[in-house]
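Enquirer: What follows is a predicted protein model with its sequence.
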Amino acid sequence: MTFNFGIPGYQPDWRHGIADVTSRDAQRLRGLVGRRLTSTWVVWDDDDDSWFADCPVVLDFDEERLETNHQKFDDLSITWCAIDVTRAPIWPTSDGFRLRWRDDAPAPLAARRGQRLEAVELLEYTGGDLADGTVALGLRFADGWLTIYNALDENGIEVGELSPQYRRHRLN
């Protein structure tokens, strides 16, 4: 059984490398372009009052839910409409983590709510180090790019111009 990050019903679908991600998800990712981002969800650690970046980032685009997650050095999971954010995650190895889904944080992610997605790109890291070949998701909104990337065994979020260390793979 695949580790589900304590999220009922979630089954990560791990991919490795740009070709694998493109062949399995490019068409559906392209279909998000033009849709409005209606909500964003991350798992929040109430004890630390911080984003628990090990769990998926969930983005709702009108009637479509995109769930993206990174682990290890090069694992990327993209799933669709599988996570019920009304059910709190229960981290299986925790000593009482108080985790919950939160739709208003982190601020750079929540700030894009209500905007239409203008473009989506897969971004292949080429920085000349251990992370080479990892795949990030680039989403362009009216106020700029949102990148969800592998922060070495957890998710990371960047806003602004895309890093020149990414090879861009346009999907639309």
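Expert: It's in.
Enquirer: Just the buried residues of whatever helix or strand residue 67 lives in, please?
Expert: Assigned by DSSP states H and E, residue 67 belongs to strand 64-71. Using 16 or more other CB atoms under 10 Å as the test for burial, strand 64-71 gives 65, 66, 67, 68, 69, 70, 71. For the C-beta atoms, the positions are set from N, CA and C on the backbone; glycine is no exception.
Enquirer: Which residues does the helix or strand following it contact?
Expert: Per DSSP H and E, the first helix or strand lying C-terminal to strand 64-71 is strand 75-80. By CB atoms under 8 Å, 6 or more residues apart in numbering, the surrounding residues in contact with strand 75-80 are 10-16, 21, 24-25, 28-29, 56, 64-71, 134-135, 137, 150.
Enquirer: now swap in stretch 99-111 and tell me
Expert: Under CB under 8 Å, 6+ apart, the answer for stretch 99-111 is 6, 39-46, 51-52, 55, 57-58, 85-86, 88-91, 143, 146, 157, 159.
Enquirer: So which of those residues sit within strands?
Expert: 39-45, 51, 57-58, 146, 157, 159 (DSSP state E).
Enquirer: Can you say which of those residues are buried?
Expert: 40, 41, 42, 43, 44, 45, 51, 57, 58, 146, 157, 159.
Enquirer: would you turn these into JSON lines with distance to residue 80?
Expert: Shown next, in JSON lines, are those (distance: CB to CB, whole Å):
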{"residue": "40", "distance to residue 80": "16"}
{"residue": "41", "distance to residue 80": "14"}
{"residue": "42", "distance to residue 80": "18"}
{"residue": "43", "distance to residue 80": "18"}
{"residue": "44", "distance to residue 80": "23"}
{"residue": "45", "distance to residue 80": "26"}
{"residue": "51", "distance to residue 80": "22"}
{"residue": "57", "distance to residue 80": "13"}
{"residue": "58", "distance to residue 80": "11"}
{"residue": "146", "distance to residue 80": "18"}
{"residue": "157", "distance to residue 80": "20"}
{"residue": "159", "distance to residue 80": "24"}
